[in-house]
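Engineer: Sequence plus the predicted model coming up.
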Amino acid sequence: MYVSLAVQAQVHPHKRNDVGTNPLTGSMIILLPLMFLLTITTYRKSKARTLRRRIADLERMWRLNSPKQTP
């Protein structure tokens, strides 16, 4: 009994794919951490801005209501 097996020869030459030769990989290695840090910084700033706005609104409401409440 004969079983035929197809063995494919590797036609592709052995190519080394370094970060220096692949600019997309190099730029992604640099840009992903930067984008991550910018996202965290922007989120924290927006959260602080929202908190300051809420405090200012509460102080404004307190100033409007405080003379009515005092005897």
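Structural biologist: Cool, the structure landed.

Engineer: where exactly do the helices run in this structure?
Structural biologist: Secondary structure of the chain by DSSP state H: the helices cover 23-69.

Engineer: ok, residue 58 to residue 27 distance?
Structural biologist: The gap separating residue 58 from residue 27 is 46 Å, by Cβ to Cβ, to the nearest Å. (Each C-beta comes from the backbone N, C-alpha and C, glycine too.)

Engineer: do the same with residue 53
Structural biologist: Look at residue 53 and residue 27: by Cβ to Cβ, they are 37 Å apart.

Engineer: And for residue 51, the neighbour number?
Structural biologist: Per other Cβ atoms under 10 Å, the neighbour tally for residue 51 reads 10.

Engineer: go on, residue 48?
Structural biologist: Neighbour count of residue 48, defined by other Cβ under 10 Å: 10.

Engineer: Tell me the confidence at it?
Structural biologist: For residue 48, the model assigns a pLDDT of 98.

Engineer: so how far is residue 42 from it?
Structural biologist: Noted for residue 48: a distance of 11 Å to residue 42, by Cβ to Cβ.

Engineer: What of residue 60?
Structural biologist: Distance, residue 60 to residue 42, by Cβ to Cβ: 27 Å.

Engineer: How much space separates residue 48 from residue 35?
Structural biologist: From residue 48 to residue 35 the distance is 21 Å (Cβ to Cβ).

Engineer: Revised request: answer the last question for residue 62.
Structural biologist: To residue 35, residue 62 is 41 Å away according to Cβ to Cβ.

Engineer: got it, and residue 25?
Structural biologist: Separation of residue 25 from residue 35 (Cβ to Cβ) stands at 16 Å.

Engineer: quick one: low-confidence parts of this protein?
Structural biologist: Counting by pLDDT under 70, the low-confidence segments of the chain come to 1-21, 66-71.

Engineer: Can you list the buried residues in stretch 23-36?
Structural biologist: When neighbours are counted by 16 or more other Cβ atoms under 10 Å, no buried residue of stretch 23-36 is found.

Engineer: right, I mislabeled it, should have said stretch 48-65
Structural biologist: Using 16+ other Cβ under 10 Å, none of the residues of stretch 48-65 count as buried.
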